[in-house]
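1. fold the following and give me the result.
(chains A and B)
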Protein chains: 2
Amino acid sequence: MYVKSLNLKSFRNYDNVSVSFEPGINFIVGNNGTGKTNLVEAIYFLSLSRSFKKCSDEDLIKRDKTSAELTIEYFSEKDKEEHLIGATITKKGKAFYFDREKVPQLSKVLGNLSSTSYDPSSVFMFKDDPQERRRFLDETLGVLSKDYLYTLSRYKKILKERNTALSQSEYDRDVLAVLTKELIKCDYIIAKQRFGLVERLNTLVDEIFREIEPNKKLVLKYVSTLPNITDSKTFMEQVEILFEKKKSEEAIKKCTLIGIHRDDLKAKIDNQDLDSYCSQGQNRLATFALKMAVAKLIEEIKGEKPIIILDDVLSDLDITRCKNILMYLEKGGQTFITVAEIGKVELTKNYKLYEIDNNEIVRRR
Amino acid sequence: MYVKSLNLKSFRNYDNVSVSFEPGINFIVGNNGTGKTNLVEAIYFLSLSRSFKKCSDEDLIKRDKTSAELTIEYFSEKDKEEHLIGATITKKGKAFYFDREKVPQLSKVLGNLSSTSYDPSSVFMFKDDPQERRRFLDETLGVLSKDYLYTLSRYKKILKERNTALSQSEYDRDVLAVLTKELIKCDYIIAKQRFGLVERLNTLVDEIFREIEPNKKLVLKYVSTLPNITDSKTFMEQVEILFEKKKSEEAIKKCTLIGIHRDDLKAKIDNQDLDSYCSQGQNRLATFALKMAVAKLIEEIKGEKPIIILDDVLSDLDITRCKNILMYLEKGGQTFITVAEIGKVELTKNYKLYEIDNNEIVRRR
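-> From the prediction side, this is the model:
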């Protein structure tokens, strides 16, 4: 699929802009603070109904305005049709429109315009708290499987109850036993899918990373407090034994010590931990490969390439890595890349170039 | 002051390298993953006895080696002498040497080689948790005043006791009253210094920022749960009244709601919040200006310019901003800048250039 046009009214720094796009690689160039990120943030917002920045929806409305409007026209190769997604953001909330009809539930609009994105904070993905990486796994699996998010919310509810039970000085052992059993059932469903996802991503990541860093090997690993996935019955028995062993420690710490809420996703380049041994550039490349692996997964499931949004991905990379990334992207779906300086990019290629100046977007090639 | 030479043995990716430096701007260039950051990390380590990365000292030792050795020879314009700082890192700990003598206390070596640094995670300084910004204030004041850190550690101790008292279902009102009084005394000392620092930084930051962004205004603000600083007696009375008002809320939340542990440092460009409204590039420029303001403060106190370490500061900036930053730095002390690509840098200037390749450092100009 590809975005044909984007219209923004009172969104971030834009008063009222309209811009047409084409398939392939679209560069968004502009000086610092001109609104490059705001433009790709709008596409992300219409795809996932929220910003990739940590901000409230209200922050998206232009200063001194009361509401913002966003519209995207996109073409889907799968159903060979054009569609329209729109959103209105007011200080009270937001509403979405699909093909000009109001969408009653957010879930109905999510995933119509599918996308993968990379933003500057992703560089620290493997250095951040494990929570960030669990969120990545949960969001990815949330797109791929509807049951996943249901089981996850159930898990969180039971976990909370179990921790409350543990925090009471004299907790009811029967209640705790029931909660533990229920928790392990969810553990099985979630861990199985997470292990499976990481296994699948590993194959994809390896292929992608080899195109950017031909002589290096990137490996992902799901690091779990839980045993390996076998059949449901054996797994449950093994985890129950684990809980039995941790009983006294849990009583002291008053919280659940085993389960998918403690797990993590690790990555190594040539057997060196990404977080403590590898450079910022290497972290950027590894995260890029991971996001591109997700794009491949989405393509497999949805039957068409998602839109790729890359905010400031080329910073701090040398020319060879920049070239390799662009060569890789040329084979992919429609891509939006923001850059402050176009110097690194070979403009002999068939790239589209949009320049932002004075809150206006001008096509330069 | 300026670094004359650096020697690294089994440090990060380096086996054994020696390199000489000169005053002025020193560029460290190399492809991704060659060890640009590791080089400046070594200078930072000898200045502040720790890495700027979140890692253990053990991570600094080259893989398969048991210890790392770092030595810097630097010239101090103030005492017109050359000095030597060395460190040995083993898996059991680290030891420092000053002018070839072992330093018994870490505090004796800290601050000899004074430095200010910017690393890529600083971009998110104003987006991160307020805790990061309080740490910045505390670290800066820690360098400027010895009493500050003492009062801060006392504050933390009393705060912990007070929170423990609040968490007990029937806490002793007399004990709480004593702790509150002690806490407010520390509040006064710390808040006064923090307010003063931010005021001083504001003047400096304004000057620096105007050189990089001539038409924009950067303003810092210390946002406090405490009243304005007056005399000690009035301040104490006002805070006691505040605590009285918050009594029932504190009893419910079981923690201390007023005090320097809740305060924050905010920044605005042209009256727009840096965190929610400004771009990554603008955040980078503002943080750069803040770090350079700290360099000015150090210069005022120590009587000579500190060494400036800038890891990947030019990424995602446009040519105008890059030029402005370099023009500003030309007037400053010895500076180390890492870059993956030298394209943006005008090499007609008298910049020194070091290239890293195959774990070797070669001077190119």
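
2. now A:Ala165: how far from chain B?
-> Here the criterion is Cβ to the nearest Cβ, to the nearest Å. By it, A:Ala165 lies 19 Å from chain B. Quick note: C-beta positions are derived from backbone N, CA and C, even for glycine.

3. can you pull out the helices in the stretch 201-350 of chain A?
-> Secondary structure of the stretch 201-350 of chain A (DSSP state H, counting those that start in this stretch): helices at A:232-245, A:247-253, A:274-277, A:280-302, A:319-330.

4. tell me which of those sits most buried.
-> Among the helices of the stretch 201-350 of chain A, helix A:280-302 has the highest mean neighbour count (mean count of other Cβ atoms under 10 Å in any protein chain shown), at a mean of 22.

5. quick check: angle from that one to helix A:319-330?
-> Put simply, helix A:280-302 runs at 10 degrees to helix A:319-330, going by axes from the mean of the first three to the mean of the last three Cα atoms, to 10 degrees.

6. show the contacting residues for the residue of the stretch 101-250 of chain A found nearest chain B.
-> Residue nearest to chain B within the stretch 101-250 of chain A: A:Pro120 (5.2 Å; Cβ to the nearest Cβ). Residues counted as contacts of A:Pro120 (Cβ atoms under 8 Å, 6 or more residues apart in numbering or on different chains) are A:311-312, A:315, B:123, B:280, B:316.

7. flag the helix or strand of chain A with the lowest per-element mean pLDDT.
-> When each helix and strand of chain A is scored by mean pLDDT, DSSP states H and E, helix A:106-109 comes last, with a mean of 78.

8. so which elements touch that helix?
-> Using 3 or more Cβ pairs under 8 Å, 6 or more residues apart in numbering or on different chains; DSSP states H and E as the contact criterion, the elements in contact with helix A:106-109 are strand A:93-98.

9. report the buried residues of the strand it packs on.
-> A:94, A:96-97 (16 or more other Cβ atoms under 10 Å in any protein chain shown).

10. which stretches of the stretch 1-150 of chain A form strands?
-> According to DSSP state E, counting those that start in this stretch, the stretch 1-150 of chain A carries its strands in the segments A:2-11, A:14-20, A:25-30, A:67-76, A:81-90, A:93-98, A:101-102, A:115-118.

11. model confidence for the nearest residue to A:Met327 once chain neighbours are set aside, exactly?
-> Nearest non-adjacent residue to A:Met327, counting by Cβ to Cβ, 6 or more residues apart in numbering or on different chains: A:Glu211, 7.2 Å away. For A:Glu211, the pLDDT comes out at 94.

12. what is the nearest of the contacts of A:Pro120 to B:His83?
-> B:Val123 (33.2 Å; Cβ to Cβ).

13. tell me, how many residues neighbour the closest one?
-> Residues within reach of B:Val123, counting by other Cβ atoms under 10 Å in any protein chain shown, total 26.

14. where's it relative to B:Leu285, distance?
-> 10 Å (Cβ to Cβ, to the nearest Å).

15. find residues that contact each of the two.
-> Joint contacts of B:Val123 and B:Leu285 (Cβ under 8 Å, 6+ apart) do not exist.

16. surely A:Tyr155 is in contact with A:Ile184?
-> No: in this structure A:Tyr155 lies outside contact range of A:Ile184 using Cβ atoms under 8 Å: 10.1 Å.

17. neighbour count: the two, which is higher?
-> Neighbour tally, A:Tyr155 and A:Ile184, criterion other Cβ under 10 Å: the higher count belongs to A:Ile184, 23 against 20.

18. residues touching the more buried one, list them.
-> Counting by Cβ under 8 Å, 6+ apart, A:Ile184 touches A:235-236, A:239-240, A:243.

19. and what of A:Gly35?
-> Shown in contact with A:Gly35 (Cβ under 8 Å, 6+ apart): A:12-14, A:356, A:359, B:279.

20. between the helices of the stretch 201-350 of chain A, which one is nearest to B:Arg365?
-> Checking the helices of the stretch 201-350 of chain A against B:Arg365 by Cβ to Cβ gives helix A:319-330 as the closest, at 19.1 Å.

21. and the closest one, what other elements does it pack with?
-> strand A:25-30, helix A:173-212, helix A:280-302.

22. any idea how many residues pack against the nearest residue to A:Ala293 once chain neighbours are set aside?
-> Nearest residue to A:Ala293, sequence neighbours excluded (Cβ to Cβ, 6+ apart): A:Leu204, at 3.7 Å. The tally of other residues near A:Leu204 (other Cβ under 10 Å) stands at 19.

23. show me which residues of the stretch 51-200 of chain A sit near chain B.
-> Residues of the stretch 51-200 of chain A lying near chain B by Cβ under 8 Å from any Cβ of the partner chain: A:53-56, A:59, A:63, A:120-121, A:123-124, A:127.

24. need these in TSV (columns: pLDDT and distance to A:Glu139).
-> Formatted as TSV, these follow (pLDDT from 0 to 100; distance: Cβ to Cβ, whole Å):
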residue	pLDDT	distance to A:Glu139
A:Lys53	82	16
A:Lys54	78	15
A:Cys55	83	18
A:Ser56	88	19
A:Asp59	91	21
A:Arg63	88	30
A:Pro120	87	18
A:Ser121	85	15
A:Val123	86	18
A:Phe124	86	17
A:Lys127	86	19
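
25. which among the residues you listed count as buried?
-> Among those, those buried by neighbour count (16+ other Cβ under 10 Å) are A:53, A:55, A:59, A:120-121, A:123-124, A:127.

26. farthest pair within these?
-> A:Asp59 and A:Lys127 (25.8 Å).

27. just the CA trace of the least confident helix or strand of chain A, in CSV.
-> Listed in CSV are the C-alpha atoms of helix A:106-109, where the atom choice follows Å, rounded to 0.1, in the frame of the first residue of the first chain:
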residue,chain,number,x,y,z
LEU,A,106,-10.9,2.6,17.5
SER,A,107,-10.2,-1.1,16.8
LYS,A,108,-12.0,-0.8,13.5
VAL,A,109,-9.6,1.8,12.1
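
28. for that helix, the distance to its chain's centre please.
-> Helix A:106-109 has its C-alpha centroid displaced from the chain centroid by 17 Å (Cα atoms, centre = their mean, to the nearest Å).

29. what's the closest non-adjacent residue to A:Thr320?
-> In space, and not counting its chain neighbours, A:Thr320 is closest to B:Asn31: 6.6 Å by Cβ to Cβ, 6+ apart.

30. re the thing from before, out of the contacts of A:Gly35, who's the most crowded?
-> Most surrounded of the contacts of A:Gly35: other Cβ under 10 Å gives B:Ser279, at 26 neighbours.

31. identify the residues contacting that residue.
-> B:Ser279 sits in contact with A:32-37, where contact means Cβ under 8 Å, 6+ apart.

32. let's go with 6 Å and repeat that
-> When the contact criterion is Cβ atoms under 6 Å, 6 or more residues apart in numbering or on different chains, the partners of B:Ser279 are A:33, A:37.
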